[in-house]
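Novice: what's the 3D shape of this:
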Amino acid sequence: MPPRDDARRSKQPVVVDSSVAAKWVFPEPLSGEALRLVVSWDEARRIVVVPPHFWVEVANAARHKARPRAEAPAVTRREAVAALGVLRDLGLVTSHGAASLAAPALELALDLGLTTWDAAYLALAESVGAEFWTADRDLARRARRRFPWVRLLAEADTDH
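Specialist: Have a look, this model is predicted:
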């Protein structure tokens, strides 16, 4: 379990998935909570770490936002691309090559009934001793079977 005391907290990294990061750059339910968290982590000098596939997942979320639906897209193509730049400028640390996460992610995916994409976030968080934050209720529910350091954005307390 990641350390909880305040003296070590600033050194403890945080892992977030694309469901949280999308709320930093697109107006969605819980965007306010997500923004408060990232600000609190910045103030506490906590490093936000993501696996390599995070960037493609966020790009896919941006594609969904910019894709025309029945009426109009949620954002323009330019806004979708700009959102990726905003995330890049936040200084997120991309850690662990995909090869080093593959085996532990597969094990976790099989054990917890997750996709390997979702399990890779857990494998990364476990390997760096980090809390893992998601807005995905099902992912949080399944992951909490084994990992008490999984956090759900809907339950956010910005003191984290």
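
Novice: what's in contact with the lengthiest helix in the chain?
Specialist: Using DSSP state H, we find that the single longest helix of the chain is helix 98-112. Contact partners of helix 98-112, identified using C-beta atoms under 8 Å, 6 or more residues apart in numbering, comprise 51-53, 114-120, 122-124, 126-127, 142-143, 145-146. (Each C-beta comes from the backbone N, C-alpha and C, glycine too.)

Novice: then stretch 129-143?
Specialist: 2-3, 12-17, 19-20, 23, 30, 34, 37, 49, 112-114, 118, 121-122, 124-125, 147, 149-154, 160.

Novice: and with 7 Å instead?
Specialist: 2, 12-17, 19-20, 23, 30, 37, 49, 112-114, 118, 121-122, 125, 149-153, 160 (C-beta atoms under 7 Å, 6 or more residues apart in numbering).

Novice: now, of the contacts of helix 98-112, which are buried?
Specialist: 51, 53, 114, 116-120, 122-124, 126, 142-143 (16 or more other C-beta atoms under 10 Å).

Novice: returning to that earlier point: flag every buried residue along the longest helix of the chain.
Specialist: Applying 16+ other C-beta under 10 Å to helix 98-112 flags 101, 104-105, 108-109, 112 as buried.

Novice: what segments of the chain are strands?
Specialist: Assigned by DSSP state E, the chain shows strands spanning 14-16, 48-50, 93-94, 131-134, 150-152.

Novice: show me the helices in this structure, by range?
Specialist: Under DSSP H, the chain gives helices at 6-9, 18-25, 31-43, 54-66, 77-89, 98-112, 116-128, 137-143.

Novice: picking that back up, reformat the strands of the chain as a markdown table; add distance to Ala74, mean neighbour count and mean pLDDT.
Specialist: What follows is these, written out as a markdown table (distance: least, C-beta to C-beta, whole Å; neighbours: other C-beta atoms under 10 Å; pLDDT from 0 to 100):
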| stretch | distance to Ala74 | mean neighbour count | mean pLDDT |
| --- | --- | --- | --- |
| strand 14-16 | 21 | 27 | 97 |
| strand 48-50 | 23 | 22 | 96 |
| strand 93-94 | 26 | 12 | 94 |
| strand 131-134 | 21 | 24 | 98 |
| strand 150-152 | 24 | 20 | 97 |
